[in-house]
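1. What follows is a predicted protein model with its sequence.
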Amino acid sequence: MGDVLSQSEIDNLLAALNSGEIDAEEFKDNKEKQVKNYNFARPSKFSKEHLRALEVIFEHYGRLLATNLPAYLRKPVQVEVINAEAQAFQEFTNALSNPVLLGIIEFQPLDGNILLELADNLGYAIIDRMLGGNGDPLDKPREVSEIERAIIERIFVIMTNLLIAPFENVIALEPRFSRIETNSQFAQIISPSEMASIVTLNVKIGNVEGMLNACLPYECLEKVIDRLNTKYWYSTMKTASEEEYREFIEVVLSKARIPIKAVLGRSVISVNDIVNMQKGDIIKLDTKVNDELKVYVGNIDKFRALPGESSNVYAVKVTNIIREEES
């Protein structure tokens with residue numbers, strides 16, 4: 001029988017009760033009331049409302065990561081919040097592997113620190129990408145070198161600064177990246193038995209996918225715990241103007257690196273000529289010495305320029321800008 005009875009089912013049930021076919025005593029719940037055990041040594045300090053608010057905050061944070069990191073990695077980045085849960089700090093650290101990439105962040109003006117744990121495959125993919133590679137992770141995790149540590153610290157600083165905007169409706173944060181720890185034993189920011197909220201995000205950089213865990217201790221959020229509810233969060237949310245969005249997009253786009261090339265000219269020759277070509281042979285182009293060169297930004301014909309040199313390096317001087325309506 002379903003949870004909601006139809007009118008015909010109600011009529012049949014009442015008729016059966018009146019006729020004595022069904023005894024009303026059979027429907028009484030004789031089970032004892034279930035009591036949930038409460039552990040006073042590990043009280044649940046985070047309610048479902050608190051955890052939901054943190055999910056909303058980190059969904060905003062994930063969008064910022066997906067928008068800003070591609071400017072540095074030159075690869076698409078996708079971020080999705082998986083869940084937020086409360087657990088003892090010891091449970092979180094016991095689940096960490098060694099070596100691990102732990103960013104310790106001072107959560108000023110709040111007391112204490114938070115942790116950002118970046119999956120090792122994501123960390124090494126970022127390092128490989130920043131050094132000019134394809135962004136491939138290592139087959140076997142190992143300790144990071146000093147150069148690799150400096151590179152990953154730069155990304156952690158960016159990730160730290162991006163925490164300001166998602167928390168602005170709760171508190172005016174001034175987070176500061178402290179250091180990286182590769183051994184969880186040296187990242188004991190609170191007592192092992194203290195409760196913390198763990199927000200898990202799934203991050204995909206190109207074809208590499210891994211987890212980013214944010215560990216926020218209760219004692220760090222205690223001063224603003226009453227503000228961690230969606231009602232307060234939405235009531236204090238500021239609607240950004242179109243001009244603010246425009247400025248933000250312009251700043252992000254200004255950091256993008258785009259290839260640019262100047263084409264001296266074009267020519268068509270046979271495969272036989274290419275095979276028999278010797279040093280000193282001349283290839284005739286379809287441009288003259290005084291003709292302006294086409295300069296491409298990406299694949300777009302954007303400028304006209306004259307060839308020359310600057311500080312003993314080949315260069316071009318822009319003479320004209322090709323507008324969209326002219327192309």
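-> Structure's in. What do you need? Numbering: from 1, shown residues only.
2. Can you list the buried residues in the lengthiest helix in the chain?
-> Ranked by residue count under DSSP state H, the longest helix found in the chain is helix 48-73. Within helix 48-73, the residues that count as buried by 16 or more other CB atoms under 10 Å are 50-51, 53-58, 60-62, 64-66, 68-73. Yep, even glycine has a C-beta here, placed from its N, CA and C like the rest.
3. Could you do stretch 144-154 as well?
-> Val144, Glu148, Ile151, Ile152.
4. ok now it, how far from the chain's centre?
-> 19 Å (CA atoms, centre = their mean, to the nearest Å).
5. How about stretch 125-136?
-> 17 Å.
6. where's the residue nearest to Asn83 when sequence neighbours are not counted relative to Ala119, distance?
-> Spatial nearest neighbour of Asn83, excluding adjacent residues (CB to CB, 6 or more residues apart in numbering): Thr200 at 5.7 Å. Distance of Thr200 to Ala119, given as CB to CB, to the nearest Å: 11 Å.
7. again with Thr160
-> 18 Å.
8. Please spell out which residues along the helix or strand Val81 falls within are buried.
-> Under the criterion of DSSP states H and E, Val81 resides in strand 77-88. The neighbour-count check on strand 77-88 (16+ other CB under 10 Å) flags Val77, Val79, Val81, Ala84, Ala86, Gln87, Ala88 as buried.
9. Run through the residues that contact the second one.
-> Residues touching Val79, when contacts are defined by CB atoms under 8 Å, 6 or more residues apart in numbering, comprise Gly62, Arg63, Leu65, Ala66, Leu201, Asn202, Val203, Lys204, Leu212.
10. repeat for the fourth one
-> Contacts for Ala84 (CB under 8 Å, 6+ apart) come out as Leu51, Arg52, Leu54, Glu55, Phe58, Ser197, Ile198, Val199, Thr200.
11. you'd agree the first one is up against Ser197?
-> The one in question is Leu51. Yes - the pair Leu51 / Ser197 is scored as a contact, 6.2 Å apart, by CB atoms under 8 Å.
12. related to what we said a few turns ago, from the contacts of Val79, pick the one nearest Asn183.
-> The shortest gap between Asn183 and any of the contacts of Val79 belongs to Leu212, at 18.9 Å (CB to CB).
13. What segments of the stretch 151-300 of the chain are strands?
-> Shown for the stretch 151-300 of the chain, the strands assigned by DSSP state E, counting those that start in this stretch span residues 176-181, 195-205, 208-217, 260-263, 293-297, 300-310.
14. coming back round to it: return the member of the contacts of Ala84 nearest to Gly135.
-> Thr200 (22.1 Å).
15. who's in contact with stretch 255-262?
-> Here stretch 255-262 has contacts from Ala71, Tyr72, Arg74, Leu293, Lys294, Val295, Tyr296, Val297, Gly298, Ala305, Pro307, Val316, using CB under 8 Å, 6+ apart.
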